[in-house]
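1. sequence and predicted structure are below.
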Amino acid sequence: MKKVLIAVFTIIFSNFALAQESPTSPTKAVFVELGGPGLPYSFNYDFRFDKENINSWGMRIGAGGYMVSDGDSFFSLPIMVNRLYGKGPHYFELGFGLTFFAFDHSAFEYCMDGYFDQNSGEYICTNFGSDPYNFILDVDGSPSMMGTMNFGYRRVPVDGGFTWKVNLNPIYNNNGFWPLFAGIGIGYAF
């Protein structure tokens, strides 16, 4: 009987010790990304729907953009569903989603035809044209949206911490498809 009790305690203790040695991988991350679905750059929050399994479907949402002194500005809001495949710390990332964006482009309208008014000293436009805004693909106006895909590598330490990723991010809209857009990101997994 004594041997059976020792064997049972040994099995229970070893299972408890093994469970302690393999902590669950982090399922949340915050990161900054240059390029990628946020277009020029974005700050992002990524999480797994299954909080216990990093190899599951998840979602990311971010915000990015810029404003410069000559009046140009750009704002983007990338939203993607993604899945990680692999074993810590190396994962293949697959995802798809939409990026909503708005811009104010100071040269959006330009003067196609006009004349110089001698009395006022100003150039008077008689016919305005539109200069289609372009961020890799032509865009019909602002606000707008672009479809995004994600194929890449993500390194997530088993117990959290510094994480990084490199992705190929094909983008598309009603004016075309660009397969060679890419992004790189660094952040913190927890």
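-> In hand now; what should we look at?
2. which parts of this structure are helices?
-> Secondary structure of the chain by DSSP state H: the helices cover 2-21.
3. let me see the confidence value for the residue most central in space within it.
-> Taking CA atoms, centre = their mean, the centroid of the chain lies closest to residue 37, which sits 4.4 Å from it. Each residue has a pLDDT score; the one for residue 37 is 94.
4. what about the strands in this protein?
-> Ranges of strands in the chain, per DSSP state E, are 28-35, 41-48, 57-67, 73-87, 90-104, 109-117, 122-130, 134-135, 137-138, 144-155, 161-168, 171-173, 176-178, 182-189.
5. where does this protein have low pLDDT?
-> Along the chain, segments meeting pLDDT under 70 span 1-24, 105-116, 123-135.
6. try 90 this time
-> Of all residues in the chain, those with pLDDT under 90 make up the ranges 1-25, 39-40, 65-74, 88, 103-142.
7. now mean neighbour count too, for the strands of the chain, in CSV please.
-> Yep, even glycine has a C-beta here, placed from its N, CA and C like the rest. Below are the strands of the chain laid out as CSV (neighbours: other CB atoms under 10 Å):
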stretch, mean neighbour count
strand 28-35, 18
strand 41-48, 19
strand 57-67, 17
strand 73-87, 18
strand 90-104, 17
strand 109-117, 11
strand 122-130, 11
strand 134-135, 14
strand 137-138, 14
strand 144-155, 19
strand 161-168, 17
strand 171-173, 18
strand 176-178, 12
strand 182-189, 18
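8. surely residue 92 is in contact with residue 150?
-> No: counting by CB atoms under 8 Å, residue 92 stays clear of residue 150, with 10.5 Å between them.
9. what's the overlap in contacts for these two?
-> With CB atoms under 8 Å, 6 or more residues apart in numbering applied, the contact sets of residue 92 and residue 150 do not overlap.
10. report the beta-bridge partner residues of residue 178.
-> residue 171 (DSSP bridges).
11. let me fix that, I meant to ask about residue 93.
-> residue 84, residue 152.
12. repeat for residue 57
-> Counting by DSSP bridges, the residues bridging with residue 57 are residue 83.
13. and it, how far from residue 173?
-> 25 Å (CB to CB, to the nearest Å).
14. got it, and residue 91?
-> 29 Å.
15. same question, residue 187
-> Distance from residue 187 to residue 173, by CB to CB: 27 Å.
16. for residue 28, which non-adjacent residue is spatially closest?
-> Residue nearest to residue 28 in three dimensions, not counting chain neighbours: residue 47, with 4.7 Å by CB to CB, 6 or more residues apart in numbering.
17. residue 158: how many residues sit nearby?
-> If you count neighbours by other CB atoms under 10 Å, residue 158 ends up with 15.
18. and it, its phi and psi?
-> Note on residue 158: its backbone torsions stand at phi -60, psi -40 [degrees, to the nearest 10].
19. could you find the closest non-adjacent residue to it?
-> residue 88 (4.1 Å).
20. what backbone torsions are found at that neighbour?
-> phi -50, psi 140.
21. now do the contacts for it.
-> Contact analysis of residue 88 by CB under 8 Å, 6+ apart lists 25, 54, 156-158.
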